[in-house]
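[1] Here's a sequence, model it:
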Amino acid sequence: MFRQEPRPEPSRQDRRTDFFISYSPADERWASWIAWQLEAAGHRTMMQAWDFVAGTNFIDFMDRGLSEAKVVVAVLSRNYLRSRYGRWEWMTALRADPDDPANKLVTVRIEDCPIDGLLSTITYVDLVGVDDPEEARALLMQRIEQALRGHARPANGPHFPGTSRPAQQP
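    As a prediction, this is how the structure comes out:
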């Protein structure tokens with residue numbers, strides 16, 4: 001009987017990166033949860049905890065991750081907003097597409113914290129106070145899909161506004 005050996009997971013160099021997860025090490029649990037949701041949906045992520053293994057150059061990996069990723073996901077918290085590297089990462093994403101930053105930067109607020117300056121102009125996914133994991137996942141994935149499409153147009157058209165009850169679907 002022929003037995004097929006499992007294929008090894010592709011190395012970091014062999015994978016394309018859809019999302020670079022930018023976070024403070026204090027928020028690693030949130031960053032891991034976000035990356036897990038994205039990977040479960042078929043996307044490839046890059047994040048420090050999973051990809052910056054011993055012997056790698058942190059700055060080189062950060063630079064390559066930011067330049068190769070289609071989208072940077074910034075995990076917003078007080079720790080992140082005080083982080084030098086976090087600041088470099090979200091600023092790099094903004095600079096990549098200054099006319100439409102939503103194409104390159106998705107911000108996810110995980111803590112009630114003040115967001116000032118340029119970062120305050122970016123609409124964020126607000127997970128503060130969301131206790132249901134499925135609701136949090138749906139909020140995250142809706143915004144991610146919008147970022148990948150480049151707009152927030154819903155999949156289904158709106159109901160006719162001239163009636164008090166929804167029109168019947170054919």
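[2] does V125 really touch M141, like I thought?
    No: using C-beta atoms under 8 Å, V125 is not in contact with M141; the gap is 9.5 Å. C-beta coordinates here come from the backbone N, C-alpha and C atoms, glycine included.
[3] who does the lowest-mean-pLDDT helix or strand in the chain touch, helix- and strand-wise?
    The weakest-scoring helix or strand in the chain, judged by mean pLDDT, DSSP states H and E, is helix 48-51 (a mean of 78). Under the contact criterion of 3 or more C-beta pairs under 8 Å, 6 or more residues apart in numbering; DSSP states H and E, helix 48-51 touches helix 28-40, helix 58-68.
[4] Point out the most buried one among those helices.
    Of these, the one with the most neighbours on average (mean count of other C-beta atoms under 10 Å) is helix 28-40, at a mean of 18.
[5] quick one on the thing from earlier: nearest to P158, out of the helices and strands packed on helix 48-51?
    Distance to P158, taken as C-beta to C-beta, is lowest for helix 28-40 among the helices and strands packed on helix 48-51, at 27.8 Å.
[6] can you give me the mean pLDDT across that closest one?
    Averaged across helix 28-40, pLDDT comes to 95.
[7] Compare V125 and M141 and say which is more crowded by neighbours.
    Applying other C-beta atoms under 10 Å to V125 and M141 shows that V125 carries more neighbours, namely 22 against 16.
[8] Just confirm the more buried one is within a helix.
    No: V125: not assigned to a helix; according to DSSP: H, G, I helix; E, B strand; the rest coil it is strand.
[9] quick one, what contacts it?
    By C-beta atoms under 8 Å, 6 or more residues apart in numbering, V125 lies in contact with 106-109, 139-140, 143.
[10] Quick check: I34 vs I59, distance?
    Distance of I34 to I59, given as C-beta to C-beta, to the nearest Å: 23 Å.
[11] Extract the CA atoms of stretch 145-164 and return them as CSV.
    C-alpha atoms of stretch 145-164 as CSV (Å, rounded to 0.1, in the frame of the first residue of the first chain):
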residue,chain,number,x,y,z
GLU,A,145,-12.2,41.6,3.1
GLN,A,146,-13.0,45.3,2.5
ALA,A,147,-9.3,46.1,2.6
LEU,A,148,-8.5,43.4,0.1
ARG,A,149,-11.3,44.5,-2.2
GLY,A,150,-10.5,48.2,-1.8
HIS,A,151,-14.0,49.2,-0.9
ALA,A,152,-16.8,48.4,1.5
ARG,A,153,-19.6,47.7,-1.0
PRO,A,154,-21.8,44.9,0.5
ALA,A,155,-22.2,41.7,-1.4
ASN,A,156,-26.0,42.0,-1.5
GLY,A,157,-27.8,45.1,-2.7
PRO,A,158,-29.9,47.2,-0.3
HIS,A,159,-33.7,46.9,0.0
PHE,A,160,-35.9,49.4,-1.7
PRO,A,161,-36.1,52.3,0.7
GLY,A,162,-39.7,53.3,-0.3
THR,A,163,-41.5,50.6,1.5
SER,A,164,-41.6,49.8,5.2
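[12] Okay then, goodbye and thanks.
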